[in-house]
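S.K.: after the sequence you'll find the predicted model.
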Amino acid sequence: MASGPQTLVDVYHHGIERFPRADRFLQKIGGVWHQISTGEFDQSVRSCAGALAALGVGRGDRVAILSYNRAQWAMADWACQLLGAVDVPIYSTLPPDQVAFILQDSGAKAAFVEDASQLAKVQGRVAHAISFESAPGAHSFEEFLKRGKPIQPAQPEPDDLSTVLYTSGTTGVPKGVMLSHRNLVSNIVGSCTVLNVSEKDLALSFLPLSHSFERILDYAVFHAGGSIAYAEHVEKVGENLQEVHPTLMGAVPRFYEKIYSKIVKSVQEMTPGRRDTFEWARRIGALVAEYRRRGDRAPLGLRLRHRLARFLVFRKLGRRVGGRIRYFVSGGGPLSRDIAEFFFSIDLPVIEGYGLTETSPVLTLNPPDRIRLGTVGKAIPGVELKIAPDGEILARGPNIMKGYYNKPEETAEVLKDGWFATGDIGEIDPEGYLRITDRKKDLLKTSGGKYVAPQPIESALKLQPCVANAIVIGDRQKFPAALIVGAPGATREEIQAAVEAVNRTLAHHEQVKKFLLLERDFSIEGGELTPTLKVRRRVVEKKYQSEIQAMYAE
């Protein structure tokens, strides 16, 4: 018999039985953080599973979850796993028409919703709706739990379907990614091994749980016996970090870009003396970080100066994020090397990884004791990587999806001979570290036949203090151009100077010859961003089509 957990039901029993604790989960209600013990959580999950069974939900049935992160989200998820049902997480930011599409496509029988506003998106589309907050027309979650009678947990097979996750869709219609118990469990175990997660950890959960990255991170912390605190809202993360003092947290690159910009701005506003102290401390921090990444110990004199730098500068910055962070984890998109180096230099390490919803999601992680900046790390245990002749990254392993729900043609396009085609371009160095160079479909080809990778140029532009956001365009055009969102108060002249500064680091054919200054940033509500904050390039280009045409016509 194979050792270790084989299904999520095994993971659940392991997490419950081995780690009884009073503070297993933390949730803020009415302005106060409340603890949920292991026993209380288990009782709620089993009651929820029993109540679902009473509604006629059984093995293989689809159950949607439409809510931002909270303990009830996790209860509903684990209840589905114990029943053998298949849950379908949906981003709470999606508009009603997209929610309707997912409910219909997946065939959801029931839906858990956050509140009345989310209930309105599912009413009339599912047989049963259960609301975490009071919402007329839905079962109240608390009352629903009271109906649940104890059930005998299901014993799913490792290859049974566990969840259908709909891709956020930077292009086209969302596709339902089918993930099995084996897919998710292999990823939980592999991620835990590399990240060294333990019962001493407290994670702040703030990326949507409908995002595979946050979900697997929460699973890993639960499996290892740690605690999970649910952020109130994306806008409250800064506050919540200082209240719960987490040891680790996952986020997308945009989160780190914003923190970086805030710190750089505050440094610019310091008196010359304080600014010099900060820069001195950062230089010392960068030297020590380099030794640590190599697995070496810094010389005594440098260690003493680093201790002083920590006392004068880093301790204060650390308190802004709770004072206990072991490391942040970055995924869901490329993180600028400069930003990663900055965080390491101020004693707030950011571990970069890489993966896709279709890979459960983690493919690679930088080992905390052997981080190589500019890469997304090595393949986690069980995962194999190789580079196709055209540069595309291919992956194979127990974490690769079963396929796209009801889409055999699309599945066949990306799954060939057991290898999954990621759509990303990259290279693997002799020690196995993967470097992503671009997105296959995002490569621009100018009318002169030159290929341009937009993402590194965009990252360089966003490092400029006067630039809040940027997209590089120019496919089939004479030259690359950019759509730029200026930072508050930035002038066109400052942005022009920033573009010229970036251009000096680029090859001639990559240089941004013109830019269009946009009045507002991209947003989920405006349709330009996916729920995971990735830019929908095609949407943006279509939205500003006339302005772009005019810019190129000049």
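M.R.: Received the coordinates, thanks. Residues are numbered from 1 along each chain as shown.

S.K.: and whatever helix or strand F112 lives in, which strands flank it?
M.R.: With elements taken from DSSP states H and E, the one containing F112 is strand 110-113. Next to strand 110-113 in the sheet, as set by DSSP bridges, lie strand 62-66 (parallel), strand 128-131 (parallel).

S.K.: and G107, what does it touch?
M.R.: For G107, the contact set (Cβ atoms under 8 Å, 6 or more residues apart in numbering) comprises R62. To be clear about C-beta, it is placed using only N, CA and C from the backbone, and glycine gets the same treatment.

S.K.: quick one, phi psi at R24?
M.R.: Main-chain torsions, R24, degrees, to the nearest 10: phi -60, psi -40.

S.K.: that one: neighbour count?
M.R.: By other Cβ atoms under 10 Å, 23 other residues sit near R24.

S.K.: that one against S37, yeah?
M.R.: Yes - assessed by Cβ atoms under 8 Å, R24 is found in contact with S37 at 5.9 Å.

S.K.: what's the first helix or strand after the strand holding F112?
M.R.: Counting by DSSP H and E, what follows strand 110-113 is helix 116-122.

S.K.: report the distance from that next one to the chain centre.
M.R.: Helix 116-122 sits 25 Å away from the centroid of its parent chain (Cα atoms, centre = their mean, to the nearest Å).

S.K.: what about that helix, average pLDDT?
M.R.: Taken as a whole, helix 116-122 has an average pLDDT of 97.

S.K.: what's the answer for stretch 303-316, then?
M.R.: Stretch 303-316 comes out with an average pLDDT of 97.

S.K.: mind exporting the C-alpha coordinates of that stretch to CSV?
M.R.: Extracted in CSV, the C-alpha atoms of stretch 303-316 (Å, rounded to 0.1, in the frame of the first residue of the first chain):
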residue,chain,number,x,y,z
ARG,A,303,26.6,40.1,10.3
LEU,A,304,27.1,42.8,12.9
ARG,A,305,26.3,45.6,10.5
HIS,A,306,23.2,43.6,9.4
ARG,A,307,22.1,43.4,13.0
LEU,A,308,22.3,47.2,13.2
ALA,A,309,20.5,47.6,9.9
ARG,A,310,17.8,45.4,11.2
PHE,A,311,17.4,47.4,14.4
LEU,A,312,17.4,50.8,12.5
VAL,A,313,15.4,49.9,9.4
PHE,A,314,14.2,46.4,8.7
ARG,A,315,12.4,45.9,12.0
LYS,A,316,10.1,48.8,11.3
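
S.K.: okay, buried residues for that stretch please.
M.R.: Buried positions in stretch 303-316, judged by neighbour count with 16 or more other Cβ atoms under 10 Å: R305, H306, A309, R310, V313, F314.

S.K.: strands along the stretch 301-450 of the chain, start to end?
M.R.: Applying DSSP state E, counting those that start in this stretch to the stretch 301-450 of the chain gives strands spanning 327-330, 350-355, 362-365, 378-379, 384-387, 392-396, 403-404, 415-416, 419-428, 434-439, 444-445.

S.K.: if we can go back for a sec, rebuild the strands paired with strand 110-113 as JSON lines, extending it with distance to V264, mean pLDDT and mean neighbour count.
M.R.: What follows is the strands paired with strand 110-113, written out as JSON lines (distance: least, Cβ to Cβ, whole Å; pLDDT from 0 to 100; neighbours: other Cβ atoms under 10 Å):
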{"stretch": "strand 62-66", "distance to V264": "37", "mean pLDDT": "98", "mean neighbour count": "27"}
{"stretch": "strand 128-131", "distance to V264": "43", "mean pLDDT": "98", "mean neighbour count": "23"}
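
S.K.: those into a markdown table, with extra columns for distance to L179?
M.R.: Formatted as a markdown table, those follow (distance: least, Cβ to Cβ, whole Å):
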| stretch | distance to L179 |
| --- | --- |
| strand 62-66 | 13 |
| strand 128-131 | 23 |
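
S.K.: so which of those is nearest E510?
M.R.: The minimum distance between E510 and these falls on strand 62-66, with 42.3 Å, by Cβ to Cβ.

S.K.: which outside residues touch the very next helix or strand once past that closest one?
M.R.: Next in sequence after strand 62-66, counting helices and strands by DSSP H and E, comes helix 71-83. Helix 71-83 is contacted from outside by 7-9, 12, 25, 27, 36, 41, 44-46, 48-49, 52-53, 57-59, 63, 65, 67, 86-87, 89, 112, 130, 132, 141, 151, 153-154, 156, 162, 209, 218, 222, 228, 230, using Cβ under 8 Å, 6+ apart.

S.K.: give me the mean pLDDT for helix 71-83.
M.R.: Averaged over helix 71-83, pLDDT sits at 98.

S.K.: just want the angle from the helix or strand just after it to helix 71-83.
M.R.: Where DSSP H and E defines the elements, the next helix or strand beyond helix 71-83 is strand 86-90. Calculated by axes from the mean of the first three to the mean of the last three Cα atoms, to 10 degrees, strand 86-90 forms an angle of 150 degrees with helix 71-83.

S.K.: show me what strand 86-90 is packed against.
M.R.: When contacts are defined as 3 or more Cβ pairs under 8 Å, 6 or more residues apart in numbering; DSSP states H and E, strand 86-90 sits against strand 62-66, helix 71-83, helix 96-106, strand 161-166.

S.K.: which residues touch it?
M.R.: Contacts to strand 86-90, defined as Cβ under 8 Å, 6+ apart, come from residues 60-66, 76-77, 80-81, 99, 102-103, 106, 108, 161-166, 176, 209-210, 215.

S.K.: okay, the residue lying closest to Q104 once chain neighbours are set aside: pLDDT?
M.R.: Among residues not flanking Q104 along the chain, R125 sits closest, at 7.1 Å (Cβ to Cβ, 6 or more residues apart in numbering). For R125, the pLDDT comes out at 97.

S.K.: check L394 too.
M.R.: The model's pLDDT for L394 equals 98.

S.K.: what is the burial count for it?
M.R.: Residues lying near L394 (other Cβ under 10 Å) number 18.

S.K.: please apply the same query to the one 10 residues further on.
M.R.: For Y404, the neighbour count with other Cβ under 10 Å is 22.

S.K.: next: P368.
M.R.: The number of residues packed near P368 is 17, by other Cβ under 10 Å.

S.K.: that one touches L248, doesn't it?
M.R.: No - under the criterion of Cβ under 8 Å, P368 makes no contact with L248, lying 10.2 Å away.

S.K.: overlap in contacts, these two.
M.R.: Taking Cβ under 8 Å, 6+ apart as the criterion, P368 and L248 both touch L195, Y327.

S.K.: name the residues that touch the longest helix belonging to the chain?
M.R.: Assignment by DSSP state H gives helix 272-293 as the longest helix of the chain. If you take Cβ under 8 Å, 6+ apart as the criterion, helix 272-293 is touched by 267-268, 270, 297-298, 302-303, 305-306, 309, 312-314, 341-342, 344-347, 349, 370-373.

S.K.: next one: stretch 430-438
M.R.: Here stretch 430-438 makes contact (Cβ under 8 Å, 6+ apart) with 334, 354, 363-364, 366, 372, 374-379, 385, 391, 393, 424-429, 453-456.
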